[in-house]
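give me a model of this one.
(one chain, ligands or ions: 1)
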Amino acid sequence: MGIFSFFSKKEKKEVLDTGLQKTKKSVIDKITHAIAGKSRVDDEVLDNVEGALISSDVGIDTTLEIISRIEARVAKEKYVNTSELTSILKEEISALFAGDPTETEGFVFPDDHKPFVIMVVGVNGVGKTTTIGKLAYQFKQAGLKVVLGAADTFRAAAVDQLCIWGERAGVPVIKQQMGSDPASVAFDTVSHAVASGADVVIIDTAGRLHNKVGLMNELTKIKNVMKKVVATAPDEILLVLDGSTGQNAFEQAKQFIKATDVTSLAITKLDGTAKGGAVIGISHELNVPVRYIGLGEQINDLQPFNNREFVESLFEGINL
Ligand SMILES: Nc1nc2c(ncn2[C@@H]2O[C@H](COP(=O)(O)OP(=O)(O)OP(=O)(O)O)[C@@H](O)[C@H]2O)c(=O)[nH]1
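Residues are numbered from 1 along each chain as shown. As a prediction, this is how the structure comes out:
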C-alpha cells in the first residue's frame, strides 16, 4: 500500500517551523553563544557546542557521539571554519537517527497483507488518544478504510475520547463495557476489520507504568489474541511520548521498551516546548525510529517525521 502523503512539502515545513519555534530559538541562541567571537572550530568551541546540545535536551551520550564525529572531521580537515559548523551539525545529526531515512516518513504499509495493525502504547496524558485520532483522520483522507479499537477499558474517559475522535475522523470505534478484557476488545476490532475489509486497525491501550509486569502481561495478551485473527498483527507497536518532558520521555521510553517490543515512536507536544532536541537522543539511543511528531492540537498537526527536515528546521536561522 506504500506511504501516504497527506501534506504538501510546503504545508509540512510551515507546521514544522511554527511548531518547533521554541526549540529552534533555544538551540540557535545556545549554538550562537557557544561560538561567539571564534572563527575556527577548536577544542573550546567543541566544548561549548557540547554544553549547548546537552542543555538542549539532546542527551549526554548522543551529544558525545555528535561531538566526537565533529572532532574526527576537524582532525581530518585540519581547519574548519565556524561558519561551516551548522552544516556539519546538520549532517552528523541526520546521520545519527535510527531507521533508514527513506523509510522514516510515517508508516510504510505492506503490499502483501491487510489490515495493517497498529497497537498504540504510552502512559496516560502523553497524547495517545489524540495521536490515534489524527492518524485515523489522515489515513481516512488518504483513502484508507480505518477501524479503531478502544482497548483502554479502565477509564470511561479514554473510551469516550476515542469515540469523539472516531466521529471527527469518520471511522468506526469498536468498544466494550468498562472493565472488560482489553484483549477481547482488540480481538473484536481486528475481527471487525477483517470482516469489513479494512486497511488499517489502530488499537488504543491503557498505559499504567506503575506495574511493569502487569503492563507487560496485558500487552502480550493483546498481541497474542490479535495474532489469532491476523497472523501478522501487530505490524507496529507505536510508543507515544510527550516531547515536552524532554529527558523524562526518554526514561519512560526505556521502561516501555523493556515491557514490549516497541517498533516505532510518536513524539507529541513539540510545540510549546524548548525541549524538542530530545527527539534526537531518543531516536538515536533507543534505536527505534521516530515515525510521527505532534506539533499542535489540531488534526493536521501530527506529521510523518523526516529526520532531515527536522534537523534543517532546527538549525535554520543560525547565522554564523
Ligand atoms: N500542544 C499539543 N498538545 C497535544 C499534542 N498532542 C496531544 N496534545 C494534548 O495533550 C492532551 C492529552 O492528550 P490525550 O490524547 O488525551 O492523551 P492520552 O495519552 O490519550 O491520555 P489519556 O486520554 O489521559 O490516556 C490533550 O489536551 C491533547 O490535546 C500536541 O502535539 N501538541
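
which helix or which strand is home to the residue nearest the centre of the chain?
The C-alpha lying nearest the average C-alpha coordinate of the chain belongs to residue 266 (CA atoms, centre = their mean; 2.2 Å). Element membership for residue 266 (DSSP states H and E) is strand 264-268.

right, and the helix or strand after that strand?
helix 278-286.

about what we covered before: isn't the residue nearest to the centre of the chain up against residue 295?
No: counting by CB atoms under 8 Å, residue 295 is not a contact partner of residue 266; they are 11.4 Å apart. (C-beta placed from N, C-alpha, C; glycine too.)

what is in contact with these two at once?
Counting by CB atoms under 8 Å, 6 or more residues apart in numbering, the common neighbours of residue 266 and residue 295 are residue 302.

quick one: low-confidence parts of the stretch 1-150 of the chain?
1-6, 98-104 (pLDDT under 70).

near the ligand, which residues of it show up?
Residues of the stretch 1-150 of the chain lying near the ligand by CB under 6 Å from any ligand atom: 122, 124, 125, 126, 127, 128, 129, 130.

shouldn't the third one be within a helix?
No: when DSSP: H, G, I helix; E, B strand; the rest coil is applied, residue 125 is found to be coil, with no helix at that position.

ok, residue 45 to the ligand distance?
34 Å (CB to the nearest ligand atom, to the nearest Å).

should've said residue 301
6 Å.

which residues does the closest residue to that residue other than its chain neighbours contact?
Of all residues not flanking residue 301 in the chain, residue 295 sits nearest, at 4.8 Å (CB to CB, 6 or more residues apart in numbering). Counting by CB under 8 Å, 6+ apart, residue 295 makes contact with 15, 16, 18, 19, 20, 270, 271, 301, 302, 303.

give me that answer again for 6 Å
Counting by CB atoms under 6 Å, 6 or more residues apart in numbering, residue 295 touches 15, 19, 270, 271, 301.

and which of those residues is nearest to residue 140?
residue 301 (16.4 Å; CB to CB).

mind checking the end-to-end distance for stretch 135-146?
10 Å (CA to CA, to the nearest Å).

which other residues reach that stretch?
So stretch 135-146 is contacted by 4, 6, 148, 169, 170, 171, 198, 199, 200, 299 (CB under 6 Å, 6+ apart).

just the buried ones from the residues of the stretch 1-150 of the chain next to the ligand, in PyMOL syntax?
In PyMOL, a selection of the buried entries from those looks like this (16 or more other CB atoms under 10 Å):
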select buried, resi 122+126+127+128+129+130
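
would you reformat the residues of the stretch 1-150 of the chain next to the ligand as JSON lines and include distance to residue 142?
Output for those, formatted as JSON lines (distance: CB to CB, whole Å):
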{"residue": "122", "distance to residue 142": "24"}
{"residue": "124", "distance to residue 142": "29"}
{"residue": "125", "distance to residue 142": "28"}
{"residue": "126", "distance to residue 142": "25"}
{"residue": "127", "distance to residue 142": "21"}
{"residue": "128", "distance to residue 142": "21"}
{"residue": "129", "distance to residue 142": "21"}
{"residue": "130", "distance to residue 142": "19"}
